[in-house]
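S.K.: My questions concern the predicted model and sequence given below.
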Amino acid sequence: MRNLHRRELLATSAFILFGSTFARAGIIQGSLPWAPGAGAPPIRVLPGPWHFFTPAEGRAVEALVDRMIPPDPETPGGRDAGCAVFIDRQLAGPYGRSEGLYVSGPFRTGTKQQGAQSPLTPAMQYRKALAEIDAYCKATYGGRTFADVEDSEKDKIIGALETGELKLSGVDPKVFFTTLLKNTREGFFGDPIYGGNRDMVAWKMIGFPGARYDYSDWIDRHNERYPHPPIGITGAPSWSPR
Amino acid sequence: MRKLPHKDVVIIGLGWTGSIMAHGLADAGLDVIAIERGPWRDTATDYPPSYAPDEYRYRIQHELFLRPAQTTFTFRNTMKQDALPIRSWGAFMPPNGVGGGGVHWNAEMWRFAPTDFVIKTHLTERYGEKFLPEDMTIQDWGVTYDEIEPYYDKFEYLCGTSGTAGNIKGQIMPGGNPFEGPRSRAYPTPAQKQPYNATLFAKAATDLGYKPFPQPSGNMSQAYTNPLGVEMGPCTFCGYCEWFGCGNYSKSSPQTTILPVLVRQQNFTARDNCEVTRILLDASGKRATGVVFVDTSGEEWEQPADMVLLCAYTIFNVQLLMLSGVGKIYDPVADEGTIGRNFTHQTVGTATGFFDPKKFIFNPFIASGAIGMCIDEFNSDNFDHGPLGFVGGGYMGQVQTNGRPIETTPVPPGTPTWGAKWKQAVKENYQSTVYSGSGVHGSFYSYRDVYLDLDPVYKDRLGRPLLRITMDLHDNELKMSAYLTDKYAEIIKAMGAQMVVKKPRTGPYDVAEYQTTHLCGGAIMGTDPKTSAVNRYLQSWDVPNLFVLGASSFPQNHGYNPTGTLAALAYWSLEAIKTQYLKNPGPLVHA
Ligand SMILES: Cc1cc2nc3c(=O)[nH]c(=O)nc-3n(C[C@H](O)[C@H](O)[C@H](O)COP(=O)(O)OP(=O)(O)OC[C@H]3O[C@@H](n4cnc5c(N)ncnc54)[C@H](O)[C@@H]3O)c2cc1C
Ligand code: SF4
């Protein structure tokens, strides 16, 4: 039964609450309720057209992530690492809809210590903020969109989002910046199966071996560089020559 | 509402305490049913090594945890504020599903100190009544370390705990924690091997005159077969432990220690994906007649039973007591009522050490959930609080659990949060930084104005009021955290760090920032029904055929992780049920 709904993997527990057949109430007696093939491995993100972004939004986000994590001679930047693809697929899925979170009103502004209280889902936040940022750029830089302004201008704009100086209508610039930064890093450092960290570039950059599961031989080899390259959930490129 | 056939015992929640109680009572021949809100979980299906190591899915998206949409809490710092709902988890992560927190805990397996159980008496005797802040409401537990020692031992042998004993029957043992209470025998398995950072910490601590010891760990140092015949394999230091299920059967959990035996018992049944919504009381209000639960289709069922065991985790225990009308909800102004009283959490401090990248390679990804070297000089009352002006403390250690890069890529202060400089700093410091999230694991004592009650505004999906948390850090805890974090930073410095960034806990308490999932209190144990919800056997003062298990019974939180103690108390309660209650059902203590 679980197999049929693999697509919704990140929402498994949420489905219980929505009463879907995904995880139905059951009775367990006599033996462990184990069934072959019942796992819920993650679904691999495939490159291709945007699922959530419009073409204009896609260009803006690629430009944003490529300034937040710029390319250098050794490691690609956010764009080539796939951060925008990662964010797109996340926004098109349960995360983008705030699925599983508590979204009942009333919505009130609280203290920082009370945590985020916005009624906007991440998808709504991106939609509004990206439109606002492009509108600001067009008005300020002679009709050019964010993706088309100079890198130094891009950096100024991102900096102004971070400090909150760049006012956006309908969305808090600082909240958007925090979400964008968090998602960009998630895409960069998460498993490549989600569309970012292409060819495990981020893991190679820092020397993180990824989804390896056994360091028994290495626990007492102190101050020695771990020599093996990273692997991901779907393996390593070298395992399956294309 | 449909009524199910009567059972001897109904257990609410099949996590650590639920599994212990279910096994013990089924073993005693009773007909037992456990009702669990979340799904059944097992290693092969839910976290096999092929996809368990997924930081995004399990750590960031909280795959194994309760969804706030199902139920959450409201929060405010002070009684003057309006509480707002916790929309996405932050300061703590409520478990959900068979195995409860045991599935995705670190398995740091501590015992509380002997003085912790008599803390009010002890501190008053040593420092005088006036030494304690006026609004501090700490209490003795009503049970002593010596009384529950055999049950600590029982839980550790169930789990196969890896560690080095520090005190066997009063004799101080080399390499162990000299401050621990006497234990009846050594740990079932030797301590885990330690990575470079923990080894350096131990050396630096020794040089400074402390007595470091390996953290007691439920990540197996070697294969182990427990007294029930369940087998575990050695931990491979995968570094996907806290927040994750273990794909190797190496981490102690109900799944790896009890459930395979429990489900084979014919007089045991479990229901998963069923949430208990209230405990039913008879007309007198003094006897529980069973529970009501709702299944995934929204249908309500009544499960009648002679005994009800509430094993739903601290805060859900309190929620169900309140929503069922058991006992009186605490009122901090009148200082009356017991349900919701003495709610506590944790005061974590930390320090990050930046080392010379040319000289140090820590391989931070080689780790386990409960690995590390610790010292206990600044815990409990192991040090003289007199000149310091605070009470409480915590263990501290190099207990880094992972190098997963979404979470663990520390950069020196002053580094921009994005851009080329950030990227460069991440790259430079990843291998040469010591970053232990809960390095200073401080206590959180209880106060009159830190408590739980029902929210007047916000409701859950079933239309029931959310539980409201009113909680702030008091000066005593902030002073404690500052002092301990200083001491901790000295050790990190002595390890050879070029720069140490201290982060003691500061106020106000922030519900969006993770500390631990060690919520305690709200239905505390004690000797007086006016100031406690359950007696020393965890039996409800108000409803004697109801027992409330878990850290909800802790009168305050001490400087250790709670599960060793709450599991020991479960075995202690189980013993009292089997040897006293079943023969003569009724109050085990007459107040
Ligand atoms: C990330 C993390 C790391 C941790 N690390 C450590 C550690 O290293 N050391 C330590 O000592 N402790 C640790 N803990 C805490 C530890 O998990 C808990 O102390 C322990 O699991 C508590 O046992 P319990 O039986 O009280 O509750 P749980 O084990 O949480 O079980 C309670 C069960 O009741 C179910 N339930 C709740 N409400 C209902 C309802 N209404 N109806 C039906 N079922 C319900 C829940 O779904 C859950 O399965 C950690 C916790 C977390 C989340
Ligand atoms: S660190 Fe060890 S105990 Fe923890 S999940 Fe990995 S293998 Fe299991």
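M.R.: Received it, and whenever you're ready, just let me know what you need. Ligands and ions are numbered 1, 2, ... in the order given.

S.K.: Tell me where chain A has strands.
M.R.: In chain A, strands defined by DSSP state E lie at A:26-28, listed in chain order.

S.K.: The longest helix belonging to chain A - what's its average pLDDT?
M.R.: When chain A is parsed with DSSP state H, its longest helix is helix A:122-140. Here helix A:122-140 scores 98 as its mean pLDDT.

S.K.: got the CA coordinates for it in CSV?
M.R.: The C-alpha trace of helix A:122-140 is given here as CSV (Å, rounded to 0.1, in the frame of the first residue of the first chain):
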residue,chain,number,x,y,z
PRO,A,122,6.8,29.2,1.3
ALA,A,123,5.4,29.1,-2.2
MET,A,124,3.4,32.3,-1.7
GLN,A,125,6.4,33.9,-0.1
TYR,A,126,8.6,33.2,-3.1
ARG,A,127,5.9,34.2,-5.6
LYS,A,128,5.4,37.6,-4.0
ALA,A,129,9.0,38.3,-3.2
LEU,A,130,10.3,37.4,-6.6
ALA,A,131,7.8,39.6,-8.3
GLU,A,132,8.6,42.5,-6.0
ILE,A,133,12.3,42.1,-6.5
ASP,A,134,12.0,42.2,-10.3
ALA,A,135,9.6,45.1,-10.1
TYR,A,136,12.1,47.0,-8.0
CYS,A,137,15.0,46.2,-10.4
LYS,A,138,13.0,47.3,-13.4
ALA,A,139,12.1,50.6,-11.8
THR,A,140,15.6,51.2,-10.5
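
S.K.: Enumerate the positions of that helix that are buried.
M.R.: A:122-134, A:136-137 (16 or more other Cβ atoms under 10 Å in any protein chain shown). All C-beta atoms are positioned from the backbone trio N, CA, C, and that covers glycine.

S.K.: I'd like to know which elements that helix is packed against.
M.R.: Packed against helix A:122-140 by the contact rule (3 or more Cβ pairs under 8 Å, 6 or more residues apart in numbering or on different chains; DSSP states H and E) you find helix A:55-68, helix A:83-92, helix A:151-163, helix A:173-189.

S.K.: Most tightly packed of those?
M.R.: helix A:83-92 (a mean of 26; mean count of other Cβ atoms under 10 Å in any protein chain shown).

S.K.: sorry, back to before: quick one, the longest helix of chain A and helix A:151-163 angle?
M.R.: 130 degrees (axes from the mean of the first three to the mean of the last three Cα atoms, to 10 degrees).

S.K.: List of residues touching helix A:122-140?
M.R.: The contact list for helix A:122-140, computed with Cβ atoms under 8 Å, 6 or more residues apart in numbering or on different chains, reads A:52, A:56-57, A:60-61, A:87, A:90-92, A:95-98, A:118, A:120, A:144-146, A:148-149, A:157, A:161, A:166, A:168-171, A:173, A:175-176, A:179-180, A:183.

S.K.: Out of the helices and strands packed on helix A:122-140, which gets nearest to ligand 2?
M.R.: helix A:173-189 (19.0 Å; Cβ to the nearest ligand atom).

S.K.: By proximity to ligand 2, which residue of chain A wins?
M.R.: Closest point on chain A to ligand 2, by Cβ to the nearest ligand atom, is residue A:213, at 6.9 Å.

S.K.: I'd say that residue and residue B:236 touch.
M.R.: Yes. Applying Cβ atoms under 8 Å as the test, residue A:213 and residue B:236 come out as touching, 6.1 Å apart.

S.K.: what about the lengthiest helix in chain B and chain A, touching?
M.R.: Taking DSSP H as the criterion, chain B has its longest helix at helix B:475-494. No. Helix B:475-494 stays out of contact with chain A when judged by Cβ under 8 Å from any Cβ of the partner chain, the minimum separation being 14.4 Å.

S.K.: which secondary structure elements does that helix contact?
M.R.: Under the contact rule (3+ Cβ pairs under 8 Å, 6+ apart), helix B:475-494 is packed against helix B:196-207, strand B:347-354, strand B:394-398, strand B:440-442, strand B:499-503.

S.K.: Could you report the neighbour count for the closest residue to residue B:300 other than its chain neighbours?
M.R.: Excluding the flanking residues, the one nearest residue B:300 by Cβ to Cβ, 6 or more residues apart in numbering or on different chains is residue B:1, at 4.5 Å. Residue B:1 has 8 neighbouring residues, counting by other Cβ atoms under 10 Å in any protein chain shown.

S.K.: Identify the residues contacting residue B:1.
M.R.: B:292, B:300, B:301, B:302.

S.K.: Quick one: neighbours of residue B:266, just the number.
M.R.: Counted with other Cβ under 10 Å, residue B:266 comes out at 9.

S.K.: Quick check: phi and psi at the residue of chain A most remote from its centre.
M.R.: Within chain A, residue A:30 marks the point farthest from the mean C-alpha position, 41.9 Å out by Cα atoms, centre = their mean. Here is the backbone geometry of residue A:30 (degrees, to the nearest 10): phi 90, psi -40.

S.K.: residue contacts, it?
M.R.: B:263, B:264, B:266.

S.K.: Now render those residues as CSV, adding distance to residue B:314.
M.R.: Output for these, formatted as CSV (distance: Cβ to Cβ, whole Å):
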residue, distance to residue B:314
B:263, 26
B:264, 30
B:266, 32
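
S.K.: just the residues you listed now: which is nearest residue B:527?
M.R.: Relative to residue B:527, the closest of those is residue B:263; by Cβ to Cβ it sits at 37.8 Å.

S.K.: isn't that closest one right next to residue A:28, touching?
M.R.: Yes. Between residue B:263 and residue A:28 there is a contact under Cβ under 8 Å: 6.3 Å.

S.K.: Could you tell me which residues make contact with residue 58?
M.R.: This is for chain A. Taking Cβ under 8 Å, 6+ apart, one finds A:50, A:84, A:88 in contact with residue A:58.

S.K.: looking at chain B here, not the other one
M.R.: B:47, B:52, B:64, B:104, B:240, B:243, B:244, B:245.

S.K.: Most neighbours out of these, which is it?
M.R.: Counting by other Cβ under 10 Å, top hit in the contacts of residue B:58: residue B:104 with 29 neighbours.

S.K.: do stretch B:27-47 and ligand 2 meet at all?
M.R.: No. Between stretch B:27-47 and ligand 2, judged by Cβ under 6 Å from any ligand atom, nothing touches; the nearest distance is 8.3 Å.

S.K.: Residue B:27 contacts residue B:265, correct?
M.R.: Yes. Residue B:27 is within contact range of residue B:265, at 7.2 Å (criterion: Cβ under 8 Å).

S.K.: low-confidence ranges in the chain?
M.R.: Reading this off chain A. Within chain A, the segments meeting pLDDT under 70 span A:1-22, A:240-242.

S.K.: think we crossed wires, I meant chain B
M.R.: Using pLDDT under 70, chain B has no residue that qualifies.
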